[in-house]
Every structure is written in structure tokens, then in C-alpha cells.
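K.L.:
Need coordinates for the following:
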Amino acid sequence: MQSVLEKSAKDNKLKDVYFLYSSRDNETSWADKDYSYFSKSIFKSLVENDGPIRYRDIMAYIADDSESLGTPKPVFIVQADNTEIFGTTTEKVQELIKSKLYPVDEAEDKDQDELNQDEEENSLIDLVKLKSIEPIYIFKVSVTVSVTPMV
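P.N.:
Numbers count the residues shown, from 1 in each chain. The predicted structure is shown next:
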């Protein structure tokens, strides 16, 4: 298998490789009903940066976001000089990502309005019950990204 991968890398002039894993092999990744926390971190890194964004900027964002959320620590394996551009974010791309990450849901808005109106009247237990409706799913996620020079 290794010889097949080496031949493929050589034939495709594969030089710079980034492997981004959501967690170590002995950890389990976290997710909510729509996306893994790891994927959300990638998306949020694109929303937070205008213009060209480097792989290392995305990895730094993921690592910081993971630490602040208390999710499993991501693992990054890099065979590159860490200056490659992942892509360019535009306002249109950022708005698209925001619309997918934070969709406007009328029912959710209504629940939030009710929560805000009744906040003083609700006990802590009532608030936890109201907020615990969405389950958290746990599964393993990994992303493999390769960079090939454009000829």
C-alpha cells in the first residue's frame, strides 16, 4: 500500500500535505445535530478572516476554539512550510457559511423570546431543561487536505 501511495504522490507532484484530525485516536469527537464541533471551527475560521487565509491560520483557530470549548484536542500533521494559502474568503462566502451555521429558525427565535421574557421567573432547573432539548452526538471526524501546485 505504501508503494502505491508514494507512486501516486510522485505522479501527482504532491509536495505539501496537511492532515487535520478532530481528535487523537483514543478520543471521541463531539458534534451537535448539524455539524461536528471540529467542522464548525473550520467554518468559523473562514468567517472570522477576510481575504486570503492560510492553513496555519485555520489550524490556530481550530486549536484555540477547541481549547475554549473544552472539546478533544485536534491533531495536525503537516508536511509543508506552513505558508500555503487555503483559499480566499469573501463576504459572499462568509454570509453563506453564516446562513448554514446559524440558520434563522422562527420557532427557535420564539423560544428565545419566551426565554428572555420569562428569565427572571424561571428557576435554574427550568432553564437547563429548556436548553437541553438539542442532543450532542459523539463520533470520530478527520479531514485530509492536500495542496498541489497549480501548473
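
K.L.:
List the buried residues for stretch 81-99?
P.N.:
For stretch 81-99, burial by neighbour count (16 or more other CB atoms under 10 Å) applies to Glu84, Phe86, Thr89, Gln94, Ile97. Bear in mind the C-beta positions are built from the backbone N, C-alpha and C, glycine included.

K.L.:
Quick check: phi and psi at the third one.
P.N.:
The main-chain torsion angles of Thr89 are listed as degrees, to the nearest 10 and equal phi -100, psi 140.

K.L.:
Give the helix, strand or coil label for the closest residue to it other than its chain neighbours.
P.N.:
Setting aside the residues directly before and after it, Thr89 is nearest to Leu46 in space (CB to CB, 6 or more residues apart in numbering), at 5.0 Å. Secondary structure, DSSP: H, G, I helix; E, B strand; the rest coil: Leu46 is helix.

K.L.:
what's near enough to touch the residue lying closest to Glu91 once chain neighbours are set aside?
P.N.:
Distances taken as CB to CB, 6+ apart put Asp50 closest to Glu91, at 7.9 Å, once the chain neighbours are dropped. Under the criterion of CB atoms under 8 Å, 6 or more residues apart in numbering, the contact list for Asp50 reads Thr89, Glu91, Gln94.
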